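>>> Okay, predicted coordinates and the sequence, questions at the end:
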Amino acid sequence: MLWIDALQQAATAFLALSCFRLLRYVFWCVATRGIGWVTKAALTAAYAALAWAFASLGSTQLEVLGAAVITSVYACALAALSYVASGRLSFARTPRVLQLTALVVAFVLVPAWLLPEGAVLAAIIGMEYAMSIYSYWQDVPRKRREGLGSFLFFVTVNPTMVWARRGQRVSAPGFDPSAAARLATALGAFASYYLLTTVIPDGARAASARIDSIANSASYTLFIVATLLQLLTMYAAHSALAHANIAIMRFIGHVIPERYDYPLLATSPQDFWRRWNTYYGEWLRRYVFFAGALYWGRRFKKAPSWTGRGLAVVLTFVTCGALHQTAAYAQSGSRLWSMLVFFLLSGVALVLWSAVVRVARSAVALGAFASSLPTLSAVLSWAILMQLFCWIGGTARYVGAQLESGSNLPASSSAVVRRDMDQE
């Protein structure tokens with residue numbers, strides 16, 4: 001019975017995720033001139049059948065689907081308006097933090113407040129739109145702007161979020177065997193995600209993955225296992241979406257970079273964050289880290305060079321946590337201070353790890369050990385890194401829970417609507 005319920009939940013979630021994620025690709029296929037009318041009609045009919053299957057699950061799903069369509073149309077129209085405005089107005093004197101804040105408010109918070117049923121899509125897709133538009137503003141000079149079609153394709157269809165790493169078109173839209181294999185990999189990762197969530201319920205896993213659950217060696221082992229299971233579950237879900245995006249982009253003739261580069265094989269925090277969500281990481285590195293390192297490098301000219309870089313790293317992770325927390329608040333009304341705490345601790349840990357490695361390399365004995373036994377050194381580094389992430393995650397969940405329980409901030413309108421529906 002448990003497996004039947006899990007299978008039904010997985011099917012519902014798969015239909016919902018497919019409807020949300022495929023919507024922008026369907027919009028593009030209908031609007032573009034590179035696809036014939038027969039293909040457009042077939043793709044529209046296939047999506048309509050998928051949407052009908054999702055809507056037939058209940059009236060709530062139909063409301064959510066309608067809100068998703070309205071939210072997508074709003075985001076596309078607002079993106080086109082931003083393109084027109086950026087061509088006529090100059091944002092050179094506007095602080096970049098204000099530019100990003102305005103985009104996040106317009107694409108994430110406003111639609112979530114006005115249309116609570118579409119808050120999930122606004123939080124996920126809206127954040128990608130906002131970050132992509134910000135990248136376009138920073139990387140493309142006003143006098144060299146491309147056409148509206150290229151801009152909207154980058155913002156609303158291409159998931160890379162960084163103009164300089166948007167990939168390239170290599171062929172006309174059509175079937176591609178490698179893309180089909182990639183899509184099969186996405187389905188496998190999606191199945192793995194729901195298998196992991198079925199084996200251990202979210203509540204039990206979350207309760208065991210907090211530092212206050214550690215009482216003895218057995219509970220410590222359970223803490224490590226539960227935290228690593230959470231990381232593996234999250235990676236399976238993110239990997240499924242990444243493979244699906246890359247496959248669909250290949251079907252429409254574009255090749256884009258990999259989003260996840262086997263992050264669980266990393267042996268240091270720097271290596272992990274270089275591999276994890278490279279689209280998001282490249283955006284943060286290009287528009288937050290470099291700017292922060294340049295600013296503090298000029299501010300503290302007499303200080304060691306690593307001072308500015310260390311402060312820039314912490315600023316980058318805090319910005320990442322703030323963006324995640326804003327999306328979570330728009331999506332469900334949850335403050336989720338644990339996200340901000342997690343990324344803050346991750347930034348501090350990365351700086352401290354770099355400092356320890358710098359000191360350790362200067363030690364003759366450790367340097368000789370690492371060079372003579374590179375495999376063993378890598379395995380030890382991996383084991384230490386995984387436990388470090390467990391401690392960071394467990395601490396963030398505990399501190400975040402304390403902050404959330406004592407917070408008096410008002411919930412967003414989406415949370416109020418959900419609470420009212422639960423009470424009814």
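Ah, there it is.
>>> make it CA atoms for all contacts and neighbour counts henceforth
OK.
>>> pLDDT weak spots in the stretch 201-350 of the chain?
Low-confidence segments of the stretch 201-350 of the chain (pLDDT under 70): 201-210, 303, 333-336.
>>> could you pull out the helices for it?
All helices of the stretch 201-350 of the chain, identified by DSSP state H, counting those that start in this stretch, fall at 202-208, 217-251, 269-275, 278-284, 290-299, 305-332, 337-362.
>>> List the buried residues for the second one?
Right, helix 217-251. Using 16 or more other CA atoms under 10 Å as the burial criterion, the residues of helix 217-251 that qualify are 220, 222-233, 235-251.
>>> picking that back up, do you know which of the helices of the stretch 201-350 of the chain lies nearest Trp137?
Trp137 lies closest to helix 278-284 among the helices of the stretch 201-350 of the chain, at 12.9 Å (CA to CA).
>>> circling back to that earlier point, Trp163 is nearest to which of the helices of the stretch 201-350 of the chain?
Of all those, the one in closest proximity to Trp163, counting by CA to CA, is helix 278-284 (9.4 Å).
>>> domains for this protein, by residue range?
Under the assignment named as automatic domain parsing, the residue ranges that make up the domains of the chain are 2-167, 173-255, 258-424.
>>> pull the CA atoms of stretch 31-41 into PDB?
In PDB, the C-alpha atoms belonging to stretch 31-41 read as follows (Å, rounded to 0.1, in the frame of the first residue of the first chain):
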ATOM      1  CA  ALA A  31       6.100  31.700 -31.200                       C
ATOM      2  CA  THR A  32       9.300  30.700 -33.100                       C
ATOM      3  CA  ARG A  33       9.500  30.700 -36.900                       C
ATOM      4  CA  GLY A  34      11.900  27.800 -37.100                       C
ATOM      5  CA  ILE A  35       9.300  25.100 -36.400                       C
ATOM      6  CA  GLY A  36       6.600  24.100 -38.900                       C
ATOM      7  CA  TRP A  37       2.900  24.400 -38.100                       C
ATOM      8  CA  VAL A  38       2.300  20.700 -38.000                       C
ATOM      9  CA  THR A  39       5.000  20.300 -35.400                       C
ATOM     10  CA  LYS A  40       3.700  23.200 -33.400                       C
ATOM     11  CA  ALA A  41       0.200  21.700 -33.500                       C
END
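>>> From the chain's centroid, how far away is it?
Remark: stretch 31-41 is offset 30 Å from the chain centroid, using CA atoms, centre = their mean, to the nearest Å.
>>> Equivalent analysis for stretch 273-281, please.
9 Å.
>>> So which residues make contact with it?
When contacts are defined by CA atoms under 8 Å, 6 or more residues apart in numbering, stretch 273-281 is touched by residues 159-162, 258-263, 266.
>>> any idea how far Ala164 is from Phe27?
For Phe27, the distance to Ala164 under the criterion CA to CA, to the nearest Å works out to 24 Å.
>>> Then Ser192?
According to CA to CA, Ser192 and Ala164 sit 33 Å apart.
>>> Distance of Ala330 relative to Leu345?
For Ala330, the distance to Leu345 under the criterion CA to CA works out to 23 Å.
>>> So which of Phe27 and Ala164 has more stuff around it?
Remark: of Phe27 and Ala164, Phe27 carries more neighbours, 17 against 13, as counted by other CA atoms under 10 Å.
>>> show me the contacts for that one.
The neighbours of Phe27, taking CA under 8 Å, 6+ apart as the test, come to nothing; the list is empty.
>>> Is it within a helix or a strand, and which one?
When elements are defined using DSSP states H and E, Phe27 is found to belong to helix 2-31.
>>> between Ala330 and Leu345, which one's more packed in?
Neighbour comparison, Ala330 and Leu345: the larger count goes to Ala330, with 30 against 21 (by other CA under 10 Å).
>>> okay, now Thr160: neighbour count?
27.
>>> what about it, distance to Tyr194?
Note on Thr160: its distance to Tyr194, by CA to CA, is 26 Å.
>>> Could you measure from Ser192 over to Gln230?
In this structure, Ser192 and Gln230 are 13 Å apart, going by CA to CA.
>>> Revised request: answer the last question for Asp212.
Spatial separation of Asp212 from Gln230 under the definition CA to CA is 17 Å.
>>> same question, Val351
Computed as CA to CA, the Val351 to Gln230 distance reads 24 Å.
>>> Can you point out the buried residues in the helix or strand containing Ala49?
When secondary structure is defined using DSSP H and E, the element that contains Ala49 is helix 37-55. For helix 37-55, burial by neighbour count (16+ other CA under 10 Å) applies to 40, 43-44, 47, 50-55.
>>> And for the closest residue to Arg285 other than its chain neighbours, the neighbour number?
If you skip the residues right next to it in sequence, Arg285 has Thr316 as its closest partner in space, 7.4 Å away by CA to CA, 6 or more residues apart in numbering. Thr316 has 25 neighbours, counted by other CA under 10 Å.
>>> my guess is Thr316 meets Phe289, correct?
Yes - with contact defined as CA atoms under 8 Å, Thr316 and Phe289 form a contacting pair (5.5 Å).
>>> count of neighbours near Cys193?
Careful, residue 193 is Tyr; it's not Cys. As a burial measure, the neighbour count of Tyr193 was computed by other CA under 10 Å and equals 21.
>>> and the direction of the host helix or strand of it versus that of helix 217-251, what angle?
Using DSSP H and E, the element containing Tyr193 is helix 177-199. Using axes from the mean of the first three to the mean of the last three CA atoms, to 10 degrees, the direction of helix 177-199 lies 150 degrees away from that of helix 217-251.
>>> tell me which strands and helices helix 177-199 is in contact with?
Using 3 or more CA pairs under 8 Å, 6 or more residues apart in numbering; DSSP states H and E as the contact criterion, the neighbours of helix 177-199 among helices and strands are helix 2-31, helix 217-251.
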